[in-house]
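Participant: heads up, no residue letters with this:
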């Protein structure tokens, strides 16, 4: 039985759900392996334009499974140190895997998003929070480093260095309202409206060209890693030129003149 489900919410939206509510969707190796499989599935689905990532039950993801973590795949006959490194690489790679799929990812977060769960949410392109959402960088409170799964790179870019350091060094609980104030999420909504609003946002995205959506996601992420404004502008210039060759701009202009929604084939 898979611990991650994939369901359609309309022709172009897929909802990926962490589905082990009895363990608050904690990150066992089995769940993360199933999440890799789900991301590979939706990433290869050419009809899918937007992905919504959420958690079943009352939590988004409570972080690393401490009691029943299991073993990472492909580690038979490895010694302790090699297995440890393989395990870290397996867990750490799930956030880049979210970045790597072509579709924008909207995280719909309710309840705990602790430790690796908070890191997982940072791999999404947009984060929406239910009123019950609570974020915590739990690693430091478990006797470990507070940095894992790319959080030391992602969190300062989302909320700034001081807010990031406070979250990771003190294991403070960040409510949905504070998350909105510091920029960790872009919207806070009632829990019972959360998934519907995430899907509605996805539907608005689906009105745009799929190629434009994918290029925009890629460029946003790539520009976080370039070293200068000029490099970002150079990348955008080439991206925009590439998009211009699809014919989508002509379709948008024609639709505007004809007072109809555009129909994009690219």
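Facilitator: Looks like it arrived, so ask away. Everything numeric in this text was worked out from a predicted model, so none of it was measured.
Participant: name the residues of stretch 211-225 that are buried.
Facilitator: By neighbour count, with 16 or more other C-beta atoms under 10 Å as the criterion, the buried positions of stretch 211-225 are 211-217, 219. C-beta: built from backbone N, CA, C; applies to glycine.
Participant: low-confidence ranges, this structure, go.
Facilitator: For the chain, residues meeting the criterion pLDDT under 70 lie at 78.
Participant: care to break it down by domain?
Facilitator: In terms of domains, the chain is parsed into 4-205, 208-257 (source: automatic domain parsing).
Participant: I'd like these as CSV, with distance to residue 264 appended.
Facilitator: Formatted as CSV, the domains of the chain follow (distance: least, C-beta to C-beta, whole Å):
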stretch, distance to residue 264
domain 4-205, 10
domain 208-257, 4
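Participant: most packed of the ones you listed?
Facilitator: Comparing the domains of the chain by mean neighbour count (mean count of other C-beta atoms under 10 Å), domain 4-205 ranks first with a mean of 19.
Participant: now do the end-to-end distance for it.
Facilitator: 24 Å (C-alpha to C-alpha, to the nearest Å).
Participant: also stretch 66-76?
Facilitator: As for stretch 66-76, its first-to-last residue distance stands at 21 Å under the measure C-alpha to C-alpha.
Participant: starting at the chain centroid, how far to it?
Facilitator: Relative to the chain's own centre, stretch 66-76 is displaced by 23 Å; criterion: C-alpha atoms, centre = their mean, to the nearest Å.
Participant: show me what that stretch is in contact with.
Facilitator: Outside of stretch 66-76, the residues that reach it under the criterion C-beta atoms under 8 Å, 6 or more residues apart in numbering are 23, 26, 28-30, 33, 82-83, 86-87, 90-91, 142.
Participant: max pairwise distance over those residues: which two?
Facilitator: Distance extremes for those: the farthest pair is 23 and 82 at 27.5 Å, using C-beta to C-beta.
Participant: does whatever helix or strand residue 178 lives in pack against any helices or strands, and if so which?
Facilitator: For residue 178, the element it lies in under DSSP states H and E is helix 176-182. Applying 3 or more C-beta pairs under 8 Å, 6 or more residues apart in numbering; DSSP states H and E, we find helix 176-182 packed against strand 126-130, strand 187-189.
Participant: and residue 162, which of the ones you listed is closest to it?
Facilitator: Counting by C-beta to C-beta, residue 162 lies closest to strand 126-130 out of those; the figure is 19.8 Å.
Participant: just how off-centre is the closest one within its chain?
Facilitator: 10 Å.
Participant: partner strands of the helix or strand following that strand, parallel or antiparallel?
Facilitator: Following strand 126-130 in sequence order, the next helix or strand is strand 134-136 (DSSP H and E). Sheet neighbours of strand 134-136, with direction, are listed as strand 112-114 (parallel), strand 174-175 (antiparallel) (DSSP bridges).
Participant: tabulate the ones you listed (CSV), appending distance to residue 100.
Facilitator: Below are those laid out as CSV (distance: least, C-beta to C-beta, whole Å):
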stretch, distance to residue 100
strand 112-114, 21
strand 174-175, 27
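Participant: quick one: which of those strands is nearest residue 14?
Facilitator: With distances scored as C-beta to C-beta, the stretch of those nearest to residue 14 is strand 112-114 (20.6 Å).
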